[in-house]
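J.: Make a model of this:
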Amino acid sequence: MAGTAAPFSFRETMDLRAQEKALRLDADQARLISELESLAAPLLAGRARFAGLYVWGRPGRGKSFIVDNFFASLPLTAKKRAHFHDFFRELHQRMVDKPLEQALRAQLGEARLLCFDEFHLHDPGDAMLAKKLLEVAQAMKITLILTSNYSPRELLSHPLYHELFVPSIALIEREMTIFALNGERDYRLDAGSDAGLFSKGAWLRPGTPAQREALGLATAHGEFAVNAGYHTFYAASPPEAVLHFTFAGICEAPTAVMDYLTLCETYSCWFIDDVPLLSRVSPAAAQRFINLIDVLYDKQRQLFISSAYSVAEMTCGVALDDIGRTASRLSQLRLIQEPVTG
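T.: Okay, here's the model as predicted:
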């Protein structure tokens with residue numbers, strides 16, 4: 001019939017996206033696409049219900065790529081996409097003058113679909129907020145899609161705190177479809193991967209004056225005040241087109257995710273200088289580096305890093321849960337390297 005819109009087909013959407021990116025979708029990815037397509041019909045028909053899909057697997061398997069395309073292509077206005085750090089930052093702001101459940105309901109608004117990317121829990125405070133999010137989403141009959149590098153039973157894995165989240169793990173396993181997207185291939189390393197502005201930067205090894213000059217990057221030569229909300233930090237060169245920190249200045253200082261998010265609002269190009277072997281710094285400094293890369297990647301900020309080491313060397317031997325994701329993301333940066341001489 002003339003003028004009638006074609007029915008929504010996520011399979012067709014992803015076939016086109018794969019062609020554009022010169023990617024071949026594997027069998028697991030095809031099954032995930034079918035799972036997502038099965039969620040579309042009730043949403044588009046306006047049938048309110050709690051439904052959920054928990055997608056987990058190793059970094060670079062295409063979880064965010066597929067779910068982001070589902071979110072973007074689904075012809076539904078009442079939908080919301082959230083990233084872990086951004087979501088809880090906004091929630092903390094709303095909780096200044098509202099109790100937790102009221103703040104969550106206000107944040108979710110009229111959304112019938114919530115796509116929540118990079119769901120990971122290491123902090124018991126975050127876990128309690130996530131627990132309430134799951135309960136409120138169920139009460140509001142929201143369709144919830146979570147992506148994670150961890151299976152549900154690996155969430156909040158610290159033995160001192162894990163029991164706090166066991167009831168929420170039971171809710172996830174009882175009420176949501178659990179989908180493991182595993183395999184050996186890291187699609188972020190393919191030429192057709194969707195890395196955006198983040199990968200327009202570079203990994204400089206070891207960061208010689210010539211390498212810096214060719215890219216318009218400065219050598220660290222002082223301390224220059226940079227404000228992030230109520231906090232002041234010190235850049236390694238004047239903060240102009242590029243925000244330049246040494247690793248020590250941004251990761252060994254008492255910085256936090258909220259600071260990185262605030263600075264991202266002003267600066268689109270970052271240079272992290274003199275990154276050491278993470279196995280030789282404190283766990284707190286290494287975790288700050290992991291969190292910083294998460295924020296810069298999600299916000300699609302251009303990133304330059306100088307280090308005497310390769311990505312593999314720099315991340316080797318780090319006993320922090322999220323280091324694999326960090327290594328996968330940093331491996332997308334083009335390598336500018338001085339020839340190794342014997």
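J.: what's the pLDDT at Gln138?
T.: Among the per-residue scores, Gln138 holds a pLDDT of 96.
J.: So what are the structural domains in the chain, by residue number?
T.: 10-180, 197-337 (the TED database).
J.: Columns mean neighbour count on top of the ones you listed, output as CSV?
T.: Yep, even glycine has a C-beta here, placed from its N, CA and C like the rest. Output for these, formatted as CSV (neighbours: other C-beta atoms under 10 Å):
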stretch, mean neighbour count
domain 10-180, 17
domain 197-337, 18
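J.: any idea whether the nearest residue to Ala137 once chain neighbours are set aside is helix, strand or coil?
T.: Leaving out its chain neighbours, the residue that sits closest to Ala137 by C-beta to C-beta, 6 or more residues apart in numbering is Leu144, at 4.9 Å. Secondary structure, DSSP: H, G, I helix; E, B strand; the rest coil: Leu144 is strand.
J.: repeat for Val226
T.: When classified by three-state DSSP, Val226 comes out as strand.
J.: Look up the residues forming beta bridges with it.
T.: Note on Val226: beta-bridge partners Phe233, judged by DSSP bridges.
J.: Give me the helices and strands touching the helix or strand that contains Lys131, please.
T.: Applying DSSP states H and E as the criterion places Lys131 in helix 124-139. Applying 3 or more C-beta pairs under 8 Å, 6 or more residues apart in numbering; DSSP states H and E, one finds that helix 124-139 contacts helix 84-94, helix 100-108, helix 162-175.
J.: Put together TSV for the ones you listed, with mean pLDDT on each row.
T.: Below are the helices and strands packed on helix 124-139 laid out as TSV (pLDDT from 0 to 100):
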stretch	mean pLDDT
helix 84-94	93
helix 100-108	97
helix 162-175	96
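J.: so which of those helices comes closest to Thr262?
T.: helix 84-94 (9.1 Å; C-beta to C-beta).
J.: where exactly do the helices run in this protein?
T.: For the chain, the helices defined by DSSP state H occupy 10-20, 27-44, 63-73, 84-94, 100-108, 124-139, 162-175, 209-215, 247, 257-264, 283-298, 311-315, 323-330.
J.: Let me know which of those helices is the nearest to Glu223.
T.: Once the helices of the chain are compared by C-beta to C-beta, helix 247 is nearest, at 14.6 Å.
J.: How much space separates the residue lying closest to Ser73 once chain neighbours are set aside from Arg61?
T.: The shortest distance from Ser73 to any non-neighbouring residue, by C-beta to C-beta, 6+ apart, is to Thr13 (4.5 Å). Distance, Thr13 to Arg61, by C-beta to C-beta, to the nearest Å: 19 Å.
J.: Next: Arg81.
T.: To Arg61, Arg81 is 19 Å away according to C-beta to C-beta.
J.: rewinding a little: from memory the residue nearest to Ala137 sits against Ala51, does it?
T.: Yes: under the criterion of C-beta atoms under 8 Å, Leu144 lies in contact with Ala51, with a separation of 7.4 Å.
J.: Touching both of those two, which residues are there?
T.: By C-beta atoms under 8 Å, 6 or more residues apart in numbering, Leu144 and Ala51 have these common neighbours: Met176.
J.: Make JSON lines out of the helices of the chain and add distance to Phe304.
T.: JSON lines is the format used below for the helices of the chain (distance: least, C-beta to C-beta, whole Å):
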{"stretch": "helix 10-20", "distance to Phe304": "28"}
{"stretch": "helix 27-44", "distance to Phe304": "32"}
{"stretch": "helix 63-73", "distance to Phe304": "23"}
{"stretch": "helix 84-94", "distance to Phe304": "22"}
{"stretch": "helix 100-108", "distance to Phe304": "34"}
{"stretch": "helix 124-139", "distance to Phe304": "30"}
{"stretch": "helix 162-175", "distance to Phe304": "38"}
{"stretch": "helix 209-215", "distance to Phe304": "7"}
{"stretch": "helix 247", "distance to Phe304": "13"}
{"stretch": "helix 257-264", "distance to Phe304": "15"}
{"stretch": "helix 283-298", "distance to Phe304": "11"}
{"stretch": "helix 311-315", "distance to Phe304": "14"}
{"stretch": "helix 323-330", "distance to Phe304": "11"}
